[in-house]
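>>> A predicted structure for the sequence below; I have some questions about it.
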Amino acid sequence: MSGPERPGGEAGEAHSGTDPESGGAPLRPYVITRGRSRPSRNTVGVETLLVATTPATPLPLSAVREERALVRMCERLLSLVEAAAHLELPVSLVKVLASDLVDSGHLTARSGVPQAVLPDPQLLQEVLDGLRRLR
């Protein structure tokens with residue numbers, strides 16, 4: 001694969017956002033997500049790393065082309081926000097699609113960078129006291 005694949009089919013091909021069956025009318029986001037505006041799980045964030053499961057399970061016939069493109073893109077590790085950029089779709093929409101694909105076992109979600117552990121309050125107070133003594 002030479003690069004991320006877009007919903008139109010070929011890598012690097014611009015996403016038109018149109019449905020060829022409806023004579024070129026733009027597809028509404030709620031059509032792509034089957035009417036949902038929120039993901040089924042709250043654990044999928046913009047920094048979430050996505051990767052296709054191995055061995056790849058075929059997608060159902062009812063899968064939209066954006067879901068198919070997302071699974072193909074995630075053959076390599078890719079963050080949700082990067083996938084949204086390559087698909088030229090809103091991040092909120094890709095969150096819904098990715099969540100569905102994780103639930104169905106087609107994608108695996110990995111946590112991004114763990115949140116930093118807060119320093120000990122006693123240590124912070126000692127540093128503050130030391131800085132005040134320097135004046």
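Everything's here; your move.
>>> what about the closest residue to Arg76 other than its chain neighbours, which SS state?
The shortest distance from Arg76 to any non-neighbouring residue, by Cβ to Cβ, 6 or more residues apart in numbering, is to Val51 (7.5 Å). In short, each C-beta sits where N, CA and C put it, glycine included. Under DSSP: H, G, I helix; E, B strand; the rest coil, the three-state class of Val51 is strand.
>>> point out where this protein drops to low pLDDT.
Low-confidence segments of the chain (pLDDT under 70): 1-43, 112-116.
>>> which parts of it are helices?
Assigned by DSSP state H, the chain shows helices spanning 29-32, 65-73, 80-87, 91-103, 121-133.
>>> so which of those gets nearest Val44?
In terms of Cβ to Cβ, the element of the helices of the chain nearest to Val44 is helix 91-103, at 4.9 Å.
>>> the closest one packs against which elements?
helix 29-32, helix 65-73, helix 80-87, strand 107-110 (3 or more Cβ pairs under 8 Å, 6 or more residues apart in numbering; DSSP states H and E).
>>> which positions in the third one come out as buried?
When you say that, I think you mean helix 80-87. Leu80, Glu82, Ala83, Ala84, His86, Leu87 (16 or more other Cβ atoms under 10 Å).
>>> the last one and Glu47: what is the separation?
Put plainly, it is Leu87. 17 Å (Cβ to Cβ, to the nearest Å).
>>> how many neighbours does Leu101 have?
A count of neighbours around Leu101, defined by other Cβ atoms under 10 Å, yields 23.
>>> do the one 10 residues further on as well
Summarising burial for Ser111: neighbours were counted as other Cβ under 10 Å, giving 11.
>>> again with Ser92
Look at Ser92: counted by other Cβ under 10 Å, it has 14 neighbours.
>>> got it, and Glu75?
By the criterion of other Cβ under 10 Å, Glu75 has 14 neighbours.
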